[in-house]
Structures are given as C-alpha cells and as structure tokens.
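Chemist: Turn this into a structure:
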Amino acid sequence: MPRSALRRLSVALRLTEAYQPAETPTTPTTSSSLYHYLSNAKTRYLNDIKEDVQKGAGWTIVMGNEAGDLDSIASSIAYAWMQSEVYKQPTVPLIQLERADLNLRAENLFAFGLAGLSEPLDELLTLTELSDYTPFPSQTFALVDHNRLGPVFSLNNPKAKVISVVDHHQDEGLYPDANPRIVSPSGSCASHVATLLPQELPAELATLLLAAILIDTDGLKPEGKALDVDRASALVLAPKSTFGNSIPPPSALSPIDHPNPNALYDAQAIKDLTNTLLTKKSDVSHLGAFDLLRRDYKETTYTLTWAPDQPSIKAGLSSVPVQLKTWGSDGRLEKDAIAWMQSRGLTILGVLTSFRDTKGKKFTKSGKGKHKREQAWIIIEETELAPTATSSGAAANAQGLGVEALANRIWEGLEADQEIQVKKYKHFNLEKGGKLPPTSKARVYKQGNANATRKVTAPVLKRILEGTSPIGPTTMPAEEGKKDEPAALQ
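Modeler: Take a look at the predicted model:
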C-alpha cells in the first residue's frame, strides 16, 4: 500500500519524531465550496428532526469541545466534511456554543471570513438551534479536540455512542472501539484531522485548518508547541489553501537535499497570517467580565468518590487573556462570576488568566512584557445556586459535603502541585470584598509556571476532586507540561 503524502513529507524532512499517519482516501468530492456543504448539512439536519425527530438517528454529530476555539471548530468542520463528502455518511458539525457566543472570538470570525463563511450564524449549527430537543435528537457522535462525551448528549439517550475520537488532550481512556481513535500530543488537533483528509479538498477548508494550526503553535515557531505532525500537516495544507499562491511550494521551501523542518515558519505569508490571528485573539477590549468568563470556557462534572455518598458536582474553567485587576476589580469579578455560575449550575469556577506585564521591570528580548498567569477560584454555597439548575450542589449539601471542606481540599491540592506552582495573591482577597454570597469560598493565586495552560490545570483539578489518595506534591506527565508558547497566551 502506498504511503500517504504526510508520511512521505515526514521522511523527506527527516523529522525526528516517529509519526505514522493513517492512509488517506483519494475519493473525489462533489462539494463546490465549504459554505455550501455547511449550509446544506445544517438545513437538512434541522429539517429532518423537525419533520420526525427519529430521523436524527441517521446522522452523525461531530463536535469539538465547549470552549469553541478555532481548533475545535475547524477540526469538527473538517471531520464532518470528510464523513459527508468523501464517505457519503449524513454528518453535521455541531459547535458547542450558543448562537450568540459565536461573535465572542474575533480570531474565529476572521478565520471564517478567510474560509468563505461570511454568515457563520446561518452556516453553523449551534446548541441554540437544538435547545428544544430533549433528549438530544441524535445518538451517533464523533469527538474532536476532546475525548469525553458531555452528559447533556447522553442524558435519557441510552443509544448514544461515540464512534470516532481525534484529540490531543490527556487521554481519559474511553471508547476503545472508536475508529479512528487518535489521542496523541500535538500543538493543534487540526493537525491530526488533516492526516485523515483526502488529497483533494476545498481551498477554504485547507485555509481554516491551517489557521487553526498557526494560532495554536504561534506560527509553527521552533522550540515551541509545534510537533512534527503540526509541521507536516501545515506543509501539506498551505499550498492547498487560499494562501497557496503567496507561499513557495514545499519542494522550494524544503528541498530533499536540504531539508528544513521550519520551512513554513520562515515564510512571510505565514508570519503575516499568524500575527493577524494572534492580534485578533488577544484583543478582548470590547468584552465585559461576563463575556470574558464565557468566551473560552470548559465545564466538567466530577464524582467525588472521597465524599459521603459520592456526590457529583459541576466545575468550570474560564481562560481569560487579561490580568484580573484590569477587568475583575471593584467587585466585577465576583458579580459576573456568580451570575455565570448560577446560569451553569456550577459549584466551582476557576478563572485562569494569561497576560504580559507591561508595567513590570522584566521584558523579553523582543521588548514584550513578561508573560504571567493568575488563577481565581470561587466555590459557591450550594443554596445560592439558581433554582432551575439541576446542580448536584444541593445534593452534595444534603449529603454532608460542606463548601469549606471542599474549598480546603482544593486549596491544598492546588498549592501542593509542583507543575502549576501557585502562591496565594495576598492583595486580591475576594472573600473580604463583601461581594460573594454568604459562606462561599474564594482564593486568588499568582501562578509561578507561566507555561502551564488550562491543559495542565484541568487534570490537576480532576485529581483533586476525583482522587482517593491524600493530596500531595504532584507533577504532570511530560506531554501535558510541555513548554507553552507565551505569544499565544492560551
């Protein structure tokens, strides 16, 4: 069997990490554009379930994670396009956001425009269009950029099954029969998805995937987050994208007799595109505290096996690319965090900031402020949750789990972790501000390891909440603690 194009490129470039992508199909496609595929898929799916909800069983739903970043959206679109247009399976990508939230990320809107998606609110299927369906109207799911199906999709949906997983986060070991099941380190999940695609694909789709890879790897910066699969996938996608005419061909960028694994990083068109994407990503000046909390958000339900009757609670993590005092002082953080927690039925909210300290004394060689991170944690008293929330907070309270005991376990676990290296922020005391509900607990930390992103903090929280062993010093596996590129400010 002939080797895939990516494998040939890996050999030609003499990349140091072993990588064996799957053989890709060569079936010609029929879609004239990405826009037409997305519009038609959304319309057909909604018409089917409106006519007869049982028709939803004939569709596969492809989803990225609930943060709704460009990597998740591009990966879900690309995988759904392949299943539908190449393998002729009724498939639609679902963006795990409410319709109004699509406008929160300027970098996404910019990338959509590059990919010919001028009206994403009309072209993309979101949770808003499916809010009236309980249980969820489909049973077959493909997961990209995460590897655990959210409970809302399996609730009262006994036939729900995950048939495919493509991800680069920590492997939770679920769905062993999924095919494909790719859960492996990479800078961008889009790089893994790209290895599965046919050689011929719409230029708009190649552009969308390329943009996702660039924004997640700081333009494939050497010694950064990019791995071999990212560099190889980008080298294949670039000439097929709408930027193809602005980029020298792979043979010129990296000839076989003089291989250059960083060829694309040095291309001016790639540098310009990366700078634009990262600039738009970091510009959140138009967003208030509430929008910042929901802009880049992930949520998980945890079972507390160490607590009486093993209750389950919901915890959320919001990534915010702005220093806390800029947007969260004077009670703004507490006010909007409580509102967000009540709307989501949360017991715990972690706010993870990432920013450059332009007022400090330390600067990088390029003149930029030092990259820093903070963490703010709020644990809400269960009785303060919204009455409509199906939160397990009330159940936890009834079963003897107090907010103080929960808070103490979290503080101890966070402060013991050697990877994130947090220290209490003495001058940012949320509990003394008088803005939190009675008996709620909160703490703000300065994070010593500015390279530790949410991908590092999330597994730490999972171990604290679900672990049965005593809390003690811990470190993350090598791939989770890999150096994060400050310029992206994840």
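
Chemist: In the stretch 151-300 of the chain, what residue spans correspond to helices?
Modeler: Using DSSP state H, counting those that start in this stretch, the helices of the stretch 151-300 of the chain run over residues 151-154, 189-194, 203-216, 228-237, 250-253, 268-282, 289-295.

Chemist: how about these in CSV, adding mean neighbour count?
Modeler: For glycine as for every other residue, the C-beta is placed from the backbone atoms N, C-alpha and C. Output for the helices of the stretch 151-300 of the chain, formatted as CSV (neighbours: other CB atoms under 10 Å):
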stretch, mean neighbour count
helix 151-154, 16
helix 189-194, 31
helix 203-216, 28
helix 228-237, 26
helix 250-253, 14
helix 268-282, 18
helix 289-295, 21
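
Chemist: okay, the ones you listed in a markdown table with mean pLDDT and distance to Thr439 next?
Modeler: Formatted as a markdown table, those follow (pLDDT from 0 to 100; distance: least, CB to CB, whole Å):
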| stretch | mean pLDDT | distance to Thr439 |
| --- | --- | --- |
| helix 151-154 | 95 | 27 |
| helix 189-194 | 98 | 40 |
| helix 203-216 | 98 | 40 |
| helix 228-237 | 95 | 47 |
| helix 250-253 | 73 | 61 |
| helix 268-282 | 95 | 37 |
| helix 289-295 | 95 | 22 |
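
Chemist: For Leu401, which of those helices is the nearest?
Modeler: helix 151-154 (19.7 Å; CB to CB).

Chemist: Centre of the chain to the closest one, how far?
Modeler: 18 Å (CA atoms, centre = their mean, to the nearest Å).

Chemist: Contacts for that helix next, please.
Modeler: Defining contact as CB atoms under 8 Å, 6 or more residues apart in numbering, one finds that helix 151-154 is touched by Ile61, Phe136, Phe141, Ala160, Thr301.

Chemist: Val166 versus the third one, what's the distance?
Modeler: Just to be clear, that refers to Phe141. Distance, Phe141 to Val166, using CB to CB, to the nearest Å: 12 Å.

Chemist: ok, those two, which is more surrounded?
Modeler: More neighbours surround Val166 than the other of Phe141 and Val166, with 30 against 23 (other CB atoms under 10 Å).

Chemist: tell me the contacts of that one?
Modeler: 75, 79, 142-145, 180, 182-183, 189, 192-193, 196 are the contacts of Val166 under CB under 8 Å, 6+ apart.

Chemist: again, 7 Å this time
Modeler: Ser75, Tyr79, Val144, Pro180, Ile182, Cys189, His192, Val193 (CB atoms under 7 Å, 6 or more residues apart in numbering).

Chemist: and it, bridged to which residues?
Modeler: Bridge pairing for Val166 (DSSP bridges) gives the partners Val144, Ile182.

Chemist: And the pLDDT for it?
Modeler: pLDDT, the model's per-residue confidence, is 98 for Val166.

Chemist: My read is that Val284 contacts Ser319, right?
Modeler: No - with contact defined as CB atoms under 7 Å, Val284 does not count as touching Ser319 (11.0 Å).

Chemist: hmm, back to that, as a markdown table, the helices of the stretch 151-300 of the chain with distance to Pro259 would be great.
Modeler: Shown next, in a markdown table, are those (distance: least, CB to CB, whole Å):
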| stretch | distance to Pro259 |
| --- | --- |
| helix 151-154 | 44 |
| helix 189-194 | 19 |
| helix 203-216 | 20 |
| helix 228-237 | 11 |
| helix 250-253 | 10 |
| helix 268-282 | 18 |
| helix 289-295 | 40 |
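
Chemist: So which of those helices is nearest Tyr87?
Modeler: Of the helices of the stretch 151-300 of the chain, nearest to Tyr87 by CB to CB is helix 189-194, at 14.3 Å.

Chemist: Give me the contact list for the closest one.
Modeler: 71, 74-75, 78-79, 144-145, 166-168, 182, 184, 186, 209, 212-213, 229-230, 233, 236-237.

Chemist: re the thing from before, among the helices of the stretch 151-300 of the chain, which comes closest to Lys314?
Modeler: Per CB to CB, nearest to Lys314 of these: helix 151-154, 9.4 Å.

Chemist: What's the local residue count around Ser312?
Modeler: 17.

Chemist: pretty sure it contacts Thr305?
Modeler: No - using CB under 7 Å, Ser312 is not in contact with Thr305; the gap is 10.2 Å.

Chemist: Helices along the stretch 1-150 of the chain, start to end?
Modeler: Using DSSP H, counting those that start in this stretch, the helices found in the stretch 1-150 of the chain span residues 5-13, 34-51, 70-81, 106-114, 120-123.

Chemist: and among the ones you listed, the most buried is which?
Modeler: helix 70-81 (a mean of 29; mean count of other CB atoms under 10 Å).

Chemist: tell me which strands and helices that helix is in contact with?
Modeler: strand 60-63, strand 91-95, helix 106-114, strand 140-144, helix 189-194, helix 203-216 (3 or more CB pairs under 7 Å, 6 or more residues apart in numbering; DSSP states H and E).

Chemist: and Leu352, helix, strand or coil?
Modeler: strand (DSSP: H, G, I helix; E, B strand; the rest coil).

Chemist: Next, work out how far apart Gly232 and Leu121 are.
Modeler: If you look again at residue 232, you'll see it is Ala, not Gly. Ala232 sits at a distance of 34 Å from Leu121 (criterion: CB to CB).

Chemist: Just the endpoints, please. Distance across stretch 195-204?
Modeler: 17 Å (CA to CA, to the nearest Å).

Chemist: Show me what counts as buried in that stretch.
Modeler: Residues of stretch 195-204 classed as buried: Thr195, Leu196, Leu197, Leu201, Pro202, Ala203, Glu204 (neighbour count, 16 or more other CB atoms under 10 Å).

Chemist: Stretch 417-430 too?
Modeler: Here stretch 417-430 shows Asp417, Glu419, Ile420, Gln421, Val422, Tyr425, Phe428, Leu430 as buried, counting by 16+ other CB under 10 Å.
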